[in-house]
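A.B. asks: Sequence and predicted structure, then a few things I'm wondering about:
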Amino acid sequence: MSPTEPKSPSGLRGRRYLLVTLGCFRNEVESDLLRGALRRLGLGETERIEEADVALVMTCGFIAEACDEGIDTIIELGEIAASVPAPPPVIVLGCMSQRYGAELAREMPEISAALGSDWAPDLEAALEAVLHGDRFAAPARAPRMSTLARAVDSSEGAQLYLRASDGCDRACRFCAIPKIRGPHTSRPLADIIEETARLCRGREREVILLAQDLTSYGADLDPETGLAMLVREVARIEGAHWVRMLYLQPQGVTERLIETVAAEPAVADYFDVPFQHVSSHVLKAMGRSGSADEHLDLIERIRSRIPDAAIRSTLMVGYPGENDGDFAELLEFVREARLDWLGAFVFSPEEGTAAASLPGKVAAELALSRYNELVEAQDAQEAMCAGAMSGRELEVVVEALCEIPGYDLVGRSYREAPVVDGFIYLKTTPGGKQARAGEFVTARITGQEGLDLVGEI
């Protein structure tokens, strides 16, 4: 047993917990680490609140909307718990708790304990306290990446989410992640390889590498270790059928990385690059570098080497100081870049960030109007991308049975990351393969359903 793993005190053995996970893919990994720690402490999991001795909520706290969802979930959980004979105490963990833990515990009677992103050292004491009817106040801890070994994989279907690193050293003025997750820290390459091989054993998986800044992977390790090496090593593990990278900062998408994606058959030809904006004026105000020309050049370098590469980005409108000219440049970029997917959002002044107090605020109505215009332009691009896929054969991972009449299954190709992108609605032809969730099959694209694709297997 690792020194960082808690032992199993007799007072916790046999107890049952309910776990609610909010937020992004990274929290799925965080919750699996928590499940492993709870199992080592002797607790078992239940999905029924009336069977739970304790309820835990793994929160997200990156933006205000995520915090609102966390608070609403805690209140709703408290209301449901109050309806059972023995209401379980509620422990809140994760990013929102790291950001506002002490304040939450003071203001929300539903919460019996609040642990931050570095929850492991306090978990046992918090459980023992709340199960005895006491409240627990965790000491303030600087955020750091968990060193617990991952023993549980709750991923559904073929997906396997893997944390490559945690934290961020960048200074984007709109972002609270460095304060919430701490400085960038890479996991040792050997640990990632071992975990991947163990969790892929006996199954074909879509391995999804996660980090707040994946392109900085290895910067704090051996000089030869970097994202290109990590991707290459993971792609050669038995069972790693696909390898997908998420959250690639533009400056970190090097020629070496592009060449690695092109050379490794198992690595998805998929680039998720959050440009955030293209106006040099706005990017400088954000604390980021780049320009429309530089971003277009990167897109061109990717497509010249990998013509069928799918490129996703995120863009923000309404940042303080954004003027009509900045937005016009952003809109023209979307039309010229021909992005396969785009996550657009309106600037939110996050508490504790430098951008929250910047002058030149954009009126809410104007920001929303710009958002709608940007989404309309991108929808036209995505419709053209979908139309160009007709007649092609794509390898698809089956996600589930399809609830839409006329289709049998729903899946994704290399072009679609889970949750954030589109789907492929699948029909099974007479004599075709009877596929199940988690299997990889070949589909012929026959059309589209809105911005999603339709195919036959």
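C.D. replies: Arrived safely. None of the values given here were measured: they were computed from a predicted structure. Residues are numbered from 1 along each chain as shown.

A.B. asks: Contacts only, for Pro183.
C.D. replies: Pro183 is in contact with Gly167, Cys168, Asp169, counting by C-beta atoms under 8 Å, 6 or more residues apart in numbering. C-betas here are computed from N, CA, C, even on glycine.

A.B. asks: between these, which is nearest Pro320?
C.D. replies: Here the nearest of these to Pro320, counting by C-beta to C-beta, is Cys168; it sits at 21.2 Å.

A.B. asks: From Ala219, how far out is the closest one?
C.D. replies: To Ala219, Cys168 is 11 Å away according to C-beta to C-beta, to the nearest Å.

A.B. asks: ranges for the helices of the chain?
C.D. replies: Applying DSSP state H to the chain gives helices spanning 25-40, 64-81, 95-107, 123-131, 177-181, 189-200, 227-235, 255-263, 280-286, 292-305, 324-337, 364-387.

A.B. asks: Overlap in contacts, Cys168 and Ala219.
C.D. replies: Shared contacts of Cys168 and Ala219, defined by C-beta under 8 Å, 6+ apart, are found at His184.

A.B. asks: what about the two, which has more around it?
C.D. replies: Higher neighbour count among Cys168 and Ala219: Cys168, with 23 against 16, using other C-beta atoms under 10 Å.

A.B. asks: Now the residue lying closest to Leu127 once chain neighbours are set aside. Its backbone dihedrals?
C.D. replies: Distances taken as C-beta to C-beta, 6 or more residues apart in numbering put Leu12 closest to Leu127, at 5.9 Å, once the chain neighbours are dropped. With angles defined as degrees, to the nearest 10, Leu12 sits at phi -110, psi -20.

A.B. asks: So Leu12 is in contact with Ala126, correct?
C.D. replies: No: the criterion here is C-beta atoms under 8 Å, and Leu12 misses it with Ala126 at 11.0 Å.

A.B. asks: between the two, who's got more neighbours?
C.D. replies: Ala126 (25 against 21).

A.B. asks: what's the spacing between that one and Arg312?
C.D. replies: Distance, Ala126 to Arg312, using C-beta to C-beta: 38 Å.

A.B. asks: and what of Met96?
C.D. replies: Using C-beta to C-beta, Met96 is found at 26 Å from Arg312.

A.B. asks: Settle it for me: which of these two has more neighbours?
C.D. replies: Met96 (30 against 21).

A.B. asks: Contacts only, for that one.
C.D. replies: Met96 sits next to Thr59, Cys60, Gly61, Ala66, Cys67, Gly70, Leu104 when contact means C-beta under 8 Å, 6+ apart.

A.B. asks: And for Asp297, the neighbour number?
C.D. replies: Neighbour number of Asp297 under other C-beta under 10 Å is 12.

A.B. asks: That should have said Glu332, apologies.
C.D. replies: Quick note: Glu332 (other C-beta under 10 Å) scores 13 neighbours.

A.B. asks: How about it, nearest residue that isn't a chain neighbour?
C.D. replies: Among residues not flanking Glu332 along the chain, Ala292 sits closest, at 7.7 Å (C-beta to C-beta, 6+ apart).

A.B. asks: per-residue pLDDT, that neighbour?
C.D. replies: pLDDT recorded at Ala292 is 97.

A.B. asks: List the contacts of it.
C.D. replies: Going by C-beta under 8 Å, 6+ apart, Ala292 touches Val278, Ser279, Ser280, Glu329, Glu332, Phe333.

A.B. asks: Output the residues you listed in TSV, with distance to Leu41 and pLDDT appended to each entry.
C.D. replies: Formatted as TSV, those follow (distance: C-beta to C-beta, whole Å; pLDDT from 0 to 100):
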residue	distance to Leu41	pLDDT
Val278	49	98
Ser279	51	98
Ser280	52	96
Glu329	54	98
Glu332	56	97
Phe333	51	98
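
A.B. asks: mind giving me a markdown table with the contacts of Pro183 and columns for distance to Met229 and pLDDT?
C.D. replies: Converted to a markdown table, the contacts of Pro183 look like this (distance: C-beta to C-beta, whole Å; pLDDT from 0 to 100):
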| residue | distance to Met229 | pLDDT |
| --- | --- | --- |
| Gly167 | 20 | 92 |
| Cys168 | 21 | 93 |
| Asp169 | 20 | 92 |
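
A.B. asks: Since that was my last question, I'll sign off now.
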